[in-house]
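Participant: requesting a structural model of the entry that follows:
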Amino acid sequence: MPLILDQLREWQGEGGPAAWQASWERTIELVGPLWEGRGTNIDGVLLADGAAALTIALYVIAKTEGISPAQVTRVQVEELRGDPGSRFSKGGEEWERRLRAAGHDPDDPDDPVALQWQRLRVDHRPPDGAPDEVWEDTFTRWGPGFIQGLDRALAPMWSLSF
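Facilitator: Numbering: from 1, shown residues only. Below is the predicted model of the structure:
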């Protein structure tokens with residue numbers, strides 16, 4: 001089973017601009033001590049998605065605010081995330097607007113930032129006609145990876161502070 005931090009480094013290794021790399025470093029600096037040695041089983045996939053979503057949030061906030069990723073606050077990330085009680089929060093529109101403002105086409109197949117976004121915006125809800133067992137399964141993913149993952153990564157149990 002791969003480790004969360006190995007997955008994050010693999011995604012970071014896909015390249016991208018310096019500010020993107022700095023955002024990955026900041027994310028790994030924040031979550032590394034909490035998730036060292038933790039695998040991608042059970043909720044580890046969600047945590048990895050949450051770290052990737054955090055990276056995008058750090059990146060777009062830093063780029064559009066003219067600050068470094070290390071200067072982005074949790075409050076700013078939570079404002080971008082929106083209401084944690086909503087599975088869809090602000091949805092992808094605001095995130096995509098910020099990506100465009102940072103100079104990225106969210107649908108570009110050759111841009112490492114856009115590729116990460118494309119992976120995270122996938123809605124994991126089961127189809128409406130799914131059998132009852134799917135809806136009752138506690139391991140069923142619900143909603144886009146960026147929202148579900150970020151909600152898990154920012155959950156109080158992790159005490160992720162920045």
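
Participant: every contact and neighbour count from this point should use C-alpha atoms.
Facilitator: OK.

Participant: relative to Glu36, how far out is the closest residue to Pro109 other than its chain neighbours?
Facilitator: Of all residues not flanking Pro109 in the chain, Leu115 sits nearest, at 6.3 Å (Cα to Cα, 6 or more residues apart in numbering). Leu115 is 25 Å from Glu36, where distance means Cα to Cα, to the nearest Å.

Participant: of these two, who's got more company?
Facilitator: Leu115 (17 against 13; other Cα atoms under 10 Å).

Participant: so which strand or helix has the more buried one?
Facilitator: helix 112-120 (DSSP states H and E).

Participant: can I get that helix as PDB, trimmed to CA atoms?
Facilitator: What follows is helix 112-120, C-alpha atoms only, in PDB (Å, rounded to 0.1, in the frame of the first residue of the first chain):
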ATOM      1  CA  PRO A 112       0.200  19.800 -14.300                       C
ATOM      2  CA  VAL A 113      -1.900  22.300 -12.300                       C
ATOM      3  CA  ALA A 114      -5.000  21.800 -14.500                       C
ATOM      4  CA  LEU A 115      -4.400  18.000 -14.500                       C
ATOM      5  CA  GLN A 116      -4.500  17.900 -10.800                       C
ATOM      6  CA  TRP A 117      -7.700  19.900 -10.800                       C
ATOM      7  CA  GLN A 118      -9.300  17.600 -13.400                       C
ATOM      8  CA  ARG A 119      -8.600  14.700 -11.100                       C
ATOM      9  CA  LEU A 120     -10.000  16.400  -8.100                       C
END
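
Participant: list the contacts of stretch 64-84.
Facilitator: By Cα atoms under 8 Å, 6 or more residues apart in numbering, the residues outside stretch 64-84 that reach it are 19, 22-23, 26, 54, 57-59, 61-62, 89-90, 94-95, 98, 101-102, 147, 150-151, 161-162.

Participant: and the end-to-end length of stretch 98-115?
Facilitator: In stretch 98-115, first residue to last residue: 15 Å (Cα to Cα).

Participant: quick one: contacts for the closest residue to Arg119 other than its chain neighbours?
Facilitator: Of all residues not flanking Arg119 in the chain, Gly145 sits nearest, at 7.7 Å (Cα to Cα, 6+ apart). Gly145 makes contact with 46, 49-50, 119-124 under the criterion Cα under 8 Å, 6+ apart.

Participant: confidence-wise, which helix or strand of this structure is lowest on average?
Facilitator: helix 132-136 (a mean of 62; mean pLDDT, DSSP states H and E).

Participant: can you dump the C-alpha coordinates of the helix or strand just after it into PDB?
Facilitator: Per DSSP H and E, the first helix or strand lying C-terminal to helix 132-136 is helix 145-153. The C-alpha trace of helix 145-153 is given here as PDB (Å, rounded to 0.1, in the frame of the first residue of the first chain):
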ATOM      1  CA  GLY A 145     -12.700  14.900  -4.600                       C
ATOM      2  CA  PHE A 146     -11.600  18.400  -3.900                       C
ATOM      3  CA  ILE A 147     -14.400  19.100  -1.500                       C
ATOM      4  CA  GLN A 148     -14.600  15.700   0.200                       C
ATOM      5  CA  GLY A 149     -10.900  15.500   0.500                       C
ATOM      6  CA  LEU A 150     -10.400  19.100   1.800                       C
ATOM      7  CA  ASP A 151     -13.200  18.600   4.300                       C
ATOM      8  CA  ARG A 152     -11.400  15.500   5.600                       C
ATOM      9  CA  ALA A 153      -8.000  17.100   5.700                       C
END
